[in-house]
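>>> Please find the sequence and the predicted model below.
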There are 2 protein chains.
Amino acid sequence: MAVRAGLTTAKVVDAALELVDEQGVEALTLAAVAARTGVATPSLYKHIGSLGDLRGLIGLRVMEDMTRRFTETVVGRSGDEAVRALMHAYRAYVQEHPKRYAAAPMDPLHDELQRAAGLKFMELILATLRSYGLEGSDAIHATRRLRVIVHGFASIESSGGFGLPEGLGDTYDQLVRMYLDDLRGKS
Amino acid sequence: MAVRAGLTTAKVVDAALELVDEQGVEALTLAAVAARTGVATPSLYKHIGSLGDLRGLIGLRVMEDMTRRFTETVVGRSGDEAVRALMHAYRAYVQEHPKRYAAAPMDPLHDELQRAAGLKFMELILATLRSYGLEGSDAIHATRRLRVIVHGFASIESSGGFGLPEGLGDTYDQLVRMYLDDLRGKS
DNA sequence: CGTAGGTGGCTAATGGCGTTAGCTTTTCAG
DNA sequence: CTGAAAAGCTAACGCCATTAGCCACCTACG
C-alpha cells in the first residue's frame, strides 16, 4: 500500500544541499536529511556509504555546479574580459549560495572522487588565461594567484568576515584590476 | 588525598589547542580534552560554558597569538619592507600551525568575545600601511585586499589545496609583489 | 499470470558525544 | 578549626551515526 519514497543517491544529495543552503554545513546531519526526504535515517545507507561520503558528494556537486556555470560565463570571451567575467561569476555564485561555499572542497585534487572535477576547474582557469601566452610555471603561478584572490574574497565575504558590507563591490573590483595589471605587466 | 588536577580555563584552552594542532579541528571533543587534562568530561564545565564556548576561546587565543607575533615582526619597519614582513609572517605562522588555522575565526568582529582582538589585528594592518598615506575608504580597501591575499593563500595552502607544493614560495612572492605594485600605483 | 530475487524501506540496538543534575571532596579564608 | 566555595566525580538523558536483521515491494523471467 504505502508507496515508496523512491530515493536515489542524487535525490539524497539534492536534499542535503538544500539543507546546507538553508541552515549551513554544521546542520548537515543524516537525521535531518532523512526527515527532509521522508525516510528513516538508516534507509539513507541504501544510497550513500556514510555521512562523510555524503559530504564528499555534496562537495563534488558544488564543484561541478560552479565549473559548469563559470564555463558558460567564460565561453566566447577572451583576455581581460574573460578573466573579469570569471572572477565576477565566482563571487556571484558564492553570494547566491553563501552557506554552500563552506561545503566546497578546498583540495579536490587530493580526493579520488573529486579529482576529475577539480582538474576541470583548474583547466577552465588555464583556458581563460590562454590568450596571455603564459608558459610553463608562469601559467601555474597565474592560476594560483587568481584562485587565491577569488577564494580569499569569497571565503571571507561568505562568512561575514568583512566588518561592514559597505563598498565590498569596490574592493573586489580593485582586486580584479590588481590581478589584471599584474598579469599584463608580466606577459 | 588524591591531589586535584588544578585546572583553569587557560589550561583547558592550552590542551584543546594542542589537540587541534595535532589532530585537527574535527578532533576537538570535550572527551578528548578531558582525557588530555586528566579529568572526567563533565568536570570541564567548571571552567568553560560549553564546547561552543571552548571553540570561541581557541579562536580568540589564535587571533591574539597571531597579532602578537605580527606586531613584533612589523615594529621598527615601514613601507614595503613592513608589508612584506607582515605578509610573510602570516604565511609562516600558518605553515607552523596548519591545523590550527582552521580554528581561527574569520569574522572576529561579529563575536562579542573576539571583537577586541579582531580590531587589534585590523589596526595592525592599518598601521603597517600608514606610510602610504591612504585616506578614508582607500585605507579600508587596501586593508581588505591584503587580508584577501594572505587569508586566501594561507587557507588554501594549510588545507593542502594547491595540487603540488612546488614553487609555492614563488607564488606567494608574486602575490606580495602584486599587492605592493598595486599599492604604489595608487598612492 | 505467477513467482523468485533483488532492492529499498523499516525497527531495534550499540556506542560516542554534549550536557545537566546532584553528590563528594578538597582547599582555604576567617 | 571550621565552614563554605570551588573543583572534582558518577549517573543519566537525548541526539547522532552506524550496523544488523527483517519485511514489502517491484520486476524480470518462466
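Alright, I've got the coordinates. Residues are numbered from 1 along each chain as shown, chains lettered A, B, ... in the order given.
>>> if I read this right, A:Thr67 contacts A:Glu123, doesn't it?
No. A:Thr67 lies out of contact with A:Glu123 (CB atoms under 8 Å); the separation is 9.2 Å. C-beta here means a position set from N, CA and C on the backbone, and glycine is covered the same way.
>>> With neighbour numbers in mind, choose between those two.
Set side by side, A:Thr67 and A:Glu123 show more neighbours around A:Thr67, with 18 against 13, by other CB atoms under 10 Å in any protein chain shown.
>>> can you tell if stretch A:118-132 touches chain B?
Yes. Stretch A:118-132 lies within reach of chain B by CB under 8 Å from any CB of the partner chain, at A:Met122.
>>> What lies in contact with that stretch?
A:63-64, A:66-67, A:70-71, A:74, A:78-79, A:82-83, A:86, A:105, A:108-109, A:111, A:139, A:142-143, A:146-147, A:183, A:187, B:163 (CB atoms under 8 Å, 6 or more residues apart in numbering or on different chains).
>>> and chain A, which of its residues are near chain B?
So far as CB under 8 Å from any CB goes, chain A lies against chain B at A:106-107, A:109-110, A:122, A:137, A:140-141, A:144-145, A:147-153, A:155-156, A:159-163, A:167, A:170-171, A:174-175, A:177-179, A:181-182, A:185.
>>> In helices, which of these fall?
A:122, A:137, A:140-141, A:144-145, A:147-153, A:155-156, A:170-171, A:174-175, A:177-179, A:181-182, A:185 (DSSP state H).
>>> Buried ones among the residues you listed?
Neighbour-count burial (16 or more other CB atoms under 10 Å in any protein chain shown) applied to those gives A:122, A:140-141, A:144-145, A:147-153, A:155-156, A:171, A:174-175, A:178-179, A:182.
>>> Quick check: buried residues in the lengthiest helix in chain A?
Counting residues, the longest helix in chain A under DSSP H turns out to be helix A:51-74. Neighbour-count burial for helix A:51-74 flags A:54-63, A:65-67, A:70-71, A:73-74 (criterion: 16+ other CB under 10 Å).
>>> what angle separates the following helix or strand past that helix from helix A:137-158?
Later in the chain than helix A:51-74, the nearest helix or strand by DSSP states H and E is helix A:79-96. In terms of direction (axes from the mean of the first three to the mean of the last three CA atoms, to 10 degrees), helix A:79-96 departs from helix A:137-158 by 30 degrees.
>>> ok now do the residue of chain A found nearest chain B, which residues does it touch?
Evaluated by CB to the nearest CB, chain A has A:Gly152 as its residue closest to chain B, separated by 2.2 Å. With contact set as CB under 8 Å, 6+ apart, A:Gly152 has these partners: B:147-153, B:155.
>>> same thing but 6 Å
Going by CB atoms under 6 Å, 6 or more residues apart in numbering or on different chains, A:Gly152 touches B:148, B:151-152.
>>> Same list (the residues you listed) but as a markdown table, adding pLDDT and distance to DNA strand C.
Below are those laid out as a markdown table (pLDDT from 0 to 100; distance: CB to the nearest atom of the strand, whole Å):
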| residue | pLDDT | distance to DNA strand C |
| --- | --- | --- |
| B:Val148 | 98 | 33 |
| B:His151 | 98 | 27 |
| B:Gly152 | 98 | 30 |
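>>> Return the member of these nearest to B:Val33.
Distance to B:Val33 across these (CB to CB) is lowest for B:His151, with 27.2 Å.
>>> where's the closest one relative to chain A, distance?
According to CB to the nearest CB, to the nearest Å, B:His151 stands 5 Å off from chain A.
>>> nearest residue to that residue other than its sequence neighbours?
Distances taken as CB to CB, 6 or more residues apart in numbering or on different chains place A:Gly152 nearest to B:His151, at 5.1 Å, with adjacent residues excluded.
>>> just how off-centre is the helix or strand A:Arg100 falls within within its chain?
Assigned by DSSP H and E, A:Arg100 belongs to helix A:98-101. Computed by CA atoms, centre = their mean, to the nearest Å, the chain-centroid distance of helix A:98-101 equals 9 Å.
>>> Report all helices and strands that that helix contacts.
Helix A:98-101 sits against helix A:9-23, with contacts defined as 3 or more CB pairs under 6 Å, 6 or more residues apart in numbering or on different chains; DSSP states H and E.
>>> Having no further points to raise, I will conclude here.
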